[in-house]
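**Q** Using only what follows, build the 3D model:
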Amino acid sequence: MTTQPTELYLIDAHEFDGTNINPLTPDRRVAYTGYLYNDKGPNLTVEEYLAHPRTTAFESPKVVTWDELEPLIKAAHRRLYTDKPAQSVSDDTYEEMLSALPPAKMGIREGMEFFLMSERLTGSITAMYARKGEHCLTKSVDLYDHSTWITPADFASDHAAA
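**A** Okay, the predicted model is just below:
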């Protein structure tokens, strides 16, 4: 039985924001760099890539597996998107967004109408809109993590007050 090689990625671990993820080839070279940086020659080694003048500076370069990378991406998305409070929007904006694309999900919960945009910002992050009475809110949420979703309590928070 043969085992599959582990997929490796080069990232800047300093203040990782979920971007600048560079896949490595099985021989531990940075994928696509031969075409981009080496006149369509062989891909560059990690060391050559980091030293290349056109490479964005890495403060803390680190080679990681997918199992190590995935939680870093999720943490970055939470920090950059879903940890932010809900914001007030007009009823017109709510209706416009509802009619832009078919929602990924919609419903009513505890007197609050809501829908999630089918278009994603990144990964499973999308915009959620909610309406309770005449007050409408929006927030970036993780489609699969209900703890990030707008709740009726968000309508009473100081952050959501218009």
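**Q** Check Gln87 and give its pLDDT.
**A** Per-residue confidence (pLDDT) for Gln87: 96.
**Q** just Arg78 next, same as before
**A** Confidence score, pLDDT, at Arg78: 89.
**Q** how close does it sit to Thr122?
**A** For Arg78, the distance to Thr122 equals 12 Å [C-beta to C-beta, to the nearest Å]. Every residue, glycine included, has its C-beta placed from N, CA and C.
**Q** Look at those two and report which has more neighbours.
**A** The neighbour comparison of Arg78 against Thr122 (other C-beta atoms under 10 Å) goes to Arg78, with 18 against 14.
**Q** What secondary structure category should be reported for that one?
**A** Classification of Arg78 by DSSP: H, G, I helix; E, B strand; the rest coil places it in helix.
**Q** cool, and Tyr94?
**A** Put simply, Tyr94 is helix when judged by three-state DSSP.
**Q** please begin residue numbering at 47 from this point
**A** In the new count, where the first residue is 47, that last one comes out as Tyr140.
**Q** What separation do you get for it and Tyr55?
**A** For Tyr140, the distance to Tyr55 - C-beta to C-beta - is 39 Å.
**Q** now Val92
**A** 11 Å.
**Q** same check, this time on Ile196
**A** Distance from Ile196 to Tyr55, by C-beta to C-beta: 33 Å.
**Q** Just want to know which of these two has more residues nearby.
**A** Shown here are Ile196 and Tyr55; by other C-beta under 10 Å, Ile196 has more neighbours (23 against 18).
**Q** Are we agreed that that one is in a helix?
**A** No: counting by three-state DSSP, Ile196 is not part of a helix but coil.
**Q** Which residue lies closest in space to it, excluding its sequence neighbours?
**A** Among residues not flanking Ile196 along the chain, Ala176 sits closest, at 4.3 Å (C-beta to C-beta, 6 or more residues apart in numbering).
**Q** biggest strand in this structure by residues?
**A** For the chain, the longest strand by residue count, based on DSSP state E, is strand 158-168.
**Q** Need the mean per-residue confidence for the next helix or strand after it.
**A** Toward the C-terminal end, the helix or strand that comes next after strand 158-168 (DSSP states H and E) is strand 171-178. For strand 171-178, the mean pLDDT works out to 96.
**Q** List the neighbouring strands of strand 171-178 plus their orientation.
**A** Under the criterion DSSP bridges, strand 171-178 sits next to strand 158-168 (antiparallel), strand 181-188 (antiparallel) in its sheet.
**Q** Mind exporting the C-alpha coordinates of the last one to PDB?
**A** Read it as strand 181-188. Extracted C-alpha coordinates of strand 181-188, given in PDB (Å, rounded to 0.1, in the frame of the first residue of the first chain):
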ATOM      1  CA  HIS A 181     -34.600  47.700  12.100                       C
ATOM      2  CA  CYS A 182     -32.300  45.800   9.700                       C
ATOM      3  CA  LEU A 183     -28.800  44.600  10.400                       C
ATOM      4  CA  THR A 184     -25.900  43.000   8.400                       C
ATOM      5  CA  LYS A 185     -22.900  41.100   9.500                       C
ATOM      6  CA  SER A 186     -20.300  38.800   8.000                       C
ATOM      7  CA  VAL A 187     -20.900  35.200   9.200                       C
ATOM      8  CA  ASP A 188     -19.600  31.700   8.800                       C
END
